[in-house]
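Asks: following is a predicted model, sequence given first.
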Amino acid sequence: MLFNSFGFLVFFPTVTLLFFLLPHKLRWILLLLASCFFYMFFKPEYILILGFTIIIDYYAGLLLENESDLRKKKLYLIASLAANIGVLGIFKYYNFINHSITVFTTSFHLKNSLPILEMALPIGLSFHTFQAMSYTIEVYRGQQKPERHFGIYALYVMFYPQLVAGPIERPQNMLHQFHERKHFNYHNVVNGLRSMLWGMFKKTVIADRLALITDPVFNDPHSHSATTLLFASILFSFQIYCDFSGYSDIALGSARVMGFTLMENFNHPYKAKTIAEFWRNWHISLSTWFKDYVYVPLGGSRVKRSRMCFNILCVFTLSGLWHGANWTFIAWGLLHAFYMIFGAVTMQPRHTISNFIGINRVKWLAPLIQQFITFMLVTMAWIFFRANSIWDAIYIFRKLPQSFTESKLFFEKNIPSITLDVPFLQLFFSLALILLLIFIQYVEGNVTMSTYLDKKPRIIRWSVYYVLTLSVIYLGVFQNKQFIYFQF
Amino acid sequence: MVRKLALRLLIFCLLPLPFLISLNYIVDAGLKKSRNYYYTEWNDIFNSKINADLLIIGSSRAWIHISPKILDSVLNVNSYNIGMDASHFLMQNARFKLYLKYNKKPKYVIVSVDLTSFSESKEIPFPLQFLPYLNNPDIKNMTTGFDNSFSFAQRYFPLYKYNNQPELFTDGLNAYFDRIKVDTPCKYKGYIGAQRTWDNTFDQYKKAHPASEKLNVSSISQNEFKKFLNYCKINNINPIMVFTPVFHESLKYISNSSEILNFYKNISVQYKIPLLNYASDSLTYERRYFFNSQHLNKVGSEVFSHKLAIDLKKVVINKPLPAFNF
């Protein structure tokens, strides 16, 4: 079920109402059934895959607790991880690897006889397998007691607000919450609804509207000018942010209404001054997952520089692969790895140069330049993420420098450089929304909009609610468009 | 606390409703009296403003091919074109019945028949054209059962149907308060000439589909067509089937084109109604008169309308109505 669908408008209040009406001991059943229903809305048979990993990890957790032999413990952990990665491998990566083998063998005039599997990728597979893996790893490390209640464990993996696109939760944060008795809390409900409304606004009014502009460009980059490609790439940066953070806001909000606290997934990522800072604030639950379970075990940053570079490369290649079985995502991950390594290696000389030029003397200038450069680097990387193929991405990259010539032609001879087939009003409105978003992000500072609103009189609060609600209803784009991250 | 929340949510939801309902009424009413591109013909139908002697029905191949201005001047009648873009016979018939409900019955009805008249349609053509009339029971019947049928919220939640349609919304407001006269230029009694030149879509189609393709023909639609002819007969309405020109090469790419044309010929004989068939007229060889394989441009449609008017004058209008196959 999509958050931005009419079905969810019925599903959410029904489940929430029943949740508060039912006694505590029955609530897990309601939430589990609701989560199954929510997931089965997409493709019912894939619930079996979820069931399979849940059973494996549940028993792996119990075995890990009872086992004192370290070798056996490791074996259980590996078995559990292998089951999860195996599922991911079959459903997400098999066809990709198979296709890559075919391309490779064909170039040597050899034939690849591996069959192609005709199946769709289960929604949110990477999210729930990673969440399940974090459970067994934490139990193995002794930082989390295994969950004995099978239903609660299943709910930990399947809790509907974060089932299909995160946040990828940790057992320490979630499991105890399912055991706690939740009471109706007015403040939680209002804050949750507020967060959901803001998320819905970001998704339907901003992200899906921007998609109307960016989709035709990325689906046919060869028919567009370099300026249009650059423009669409910048718009895509805002689209993906509003799409994914919008989803997270709705997820966090819908959990909050029932009294559950999920981890924050975004913290003004486009205000980051470095790529490292960007990753600390973008898809936080995944970044910290990779940090805790890959980067740090590999040695992290407290190793030789060459080893640290290798660790970064590993993490970002895996992160790219996690996002999708396509060379575009791997290239996206590698580009970010390059940014990170380059940033780490050149930190000192860059600092010396900026001191020499004197940028640091103007207090506001240096951060602004840093934010702009970071944003543009991230935008360039998004081209790989969004392009339909690696060849399209390369084409866009090769074409982008022409935007300077096109701009020159525009200013000198008035030759239009934008080749968008979008009404002016639509374009104007989209840009206005982006400016509004930037404004809100800067106004927010360290205080969230929710906290900010809390202190305002009711008339202002309600006016904001009405503006957002009516915008979603009358200006939202409802084309049954999935959230971008659902595909992962 | 629960009661407080429920009360506030209720107030929050109910508070803007009177305003939204009123605004919805104003926009609907405004569009219903406007000359907006989408609603001119619907408004004329519902406001009983047409009352034509000669009515033209059909798809876009009626709508942009047959000029009532030319028919009126040559035949000295009052004609009106209620052709519906991208529609098939069932939808055209529904509109014809609505026409009869609000207007006096015509003496003649030109039925523009074509190769896709009896294709099954899963989509409502140009849903925007129905917006102010969504709650009309006839329009409701007409627009249900399609893949893109209007949702419950679109039908009943005030203004939701105008989601992302700021132009329609403002047109409705302006028309209601008589602030700006919204009129569609170039439209005359439903007809609009397409000021376009050959767009190469047919050339691209030929490349993509070198072999001919079979068009689906729904027997339900064909039966409805027969019922429509019987209805006309009973009510003293004289139908005239017209197969307007298509670019000559295009027929080759439809494997069952002669089968469909034969159906019309048989109907013509069986029901004793004229069929004016321009499928192989000299016009069909003149690419400059078309903008794609199925549609004449403005110049082409005016040349054709003249020809049609003269033929109608010769063979139908001035004579009693024998079975006539042109």
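Replies: Received it, and whenever you're ready, just let me know what you need. Residues are numbered from 1 along each chain as shown, chains lettered A, B, ... in the order given.
Asks: spatially nearest residue to whichever residue of chain B sits closest to chain A, not counting backbone neighbours?
Replies: In chain B, the residue that lies nearest chain A is B:M1 (4.6 Å; CB to the nearest CB). The C-beta positions use only the backbone N, C-alpha and C, and glycine is treated the same way. Leaving aside its chain neighbours, B:M1 sits nearest to A:Y186 (4.6 Å; criterion: CB to CB, 6 or more residues apart in numbering or on different chains).
Asks: how far away is A:Y153 from B:I64?
Replies: 65 Å (CB to CB, to the nearest Å).
Asks: can I take it that A:F130 is in a strand?
Replies: No: A:F130 sits outside any strand when classified using DSSP: H, G, I helix; E, B strand; the rest coil, being helix.
Asks: how many residues are close by it?
Replies: When neighbours are counted by other CB atoms under 10 Å in any protein chain shown, A:F130 registers 21.
Asks: what does B:N24 give?
Replies: B:N24: 18 neighbours (other CB under 10 Å).
Asks: also B:P137?
Replies: Around B:P137 there are 7 residues (other CB under 10 Å).
Asks: pLDDT score for it?
Replies: Confidence at B:P137, expressed as pLDDT, is 92.
Asks: the helix or strand containing A:V296 packs against which elements?
Replies: Per DSSP states H and E, A:V296 falls inside helix A:296-298. Judged by 3 or more CB pairs under 8 Å, 6 or more residues apart in numbering or on different chains; DSSP states H and E, helix A:296-298 is in contact with helix A:305-323.
Asks: re earlier: which residues does the residue nearest to B:M1 contact?
Replies: If you count contacts by CB atoms under 8 Å, 6 or more residues apart in numbering or on different chains, A:Y186 has them with B:1, B:4-5.
Asks: now do B:V111
Replies: B:57-58, B:239-242.
Asks: what bits of chain B have low per-residue confidence?
Replies: B:180-185, B:316-326 (pLDDT under 70).
Asks: how much space between the residue positioned nearest the centre of it and B:P68?
Replies: In chain B, the residue lying closest to the centroid (CA atoms, centre = their mean) is B:M84, at 1.1 Å. Between B:M84 and B:P68 the distance is 15 Å, computed by CB to CB.
Asks: same check, this time on A:F12
Replies: With CB to CB as the criterion, A:F12 and B:P68 are 53 Å apart.
Asks: which of the residues in the helix or strand harbouring A:F178 are buried?
Replies: Using DSSP H and E, A:F178 sits in helix A:171-179. For helix A:171-179, a neighbour-count test (16 or more other CB atoms under 10 Å in any protein chain shown) marks A:171, A:174-175, A:177-178 as buried.
Asks: avg pLDDT for the helix holding A:V296?
Replies: Mean predicted confidence for helix A:296-298 is 91.
Asks: how distant is that helix from the center of its chain?
Replies: Here the centre of helix A:296-298 is set off from its chain's centre by 23 Å, with CA atoms, centre = their mean, to the nearest Å.
Asks: same check, this time on stretch B:65-83
Replies: For stretch B:65-83, the distance to the chain centre is 15 Å (CA atoms, centre = their mean).
Asks: kindly report the same for stretch B:78-86.
Replies: For stretch B:78-86, the distance to the chain centre is 6 Å (CA atoms, centre = their mean).
Asks: now do the end-to-end distance for that stretch.
Replies: One end of stretch B:78-86 sits 25 Å from the other (CA to CA, to the nearest Å).
Asks: buried stuff in it?
Replies: B:78-84.
Asks: how about the residues you listed in JSON lines, adding secondary structure and distance to B:C232?
Replies: Formatted as JSON lines, the buried residues of stretch B:78-86 follow (DSSP: H, G, I helix; E, B strand; the rest coil; distance: CB to CB, whole Å):
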{"residue": "B:N78", "secondary structure": "coil", "distance to B:C232": "18"}
{"residue": "B:S79", "secondary structure": "strand", "distance to B:C232": "16"}
{"residue": "B:Y80", "secondary structure": "strand", "distance to B:C232": "17"}
{"residue": "B:N81", "secondary structure": "strand", "distance to B:C232": "18"}
{"residue": "B:I82", "secondary structure": "coil", "distance to B:C232": "15"}
{"residue": "B:G83", "secondary structure": "coil", "distance to B:C232": "17"}
{"residue": "B:M84", "secondary structure": "coil", "distance to B:C232": "18"}
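Asks: which ones are touching the residue of the stretch 301-450 of chain A found nearest chain B?
Replies: Nearest residue of the stretch 301-450 of chain A to chain B (CB to the nearest CB) works out as A:L425 at 6.8 Å. When contacts are counted by CB under 8 Å, 6+ apart, A:L425 touches B:P166.
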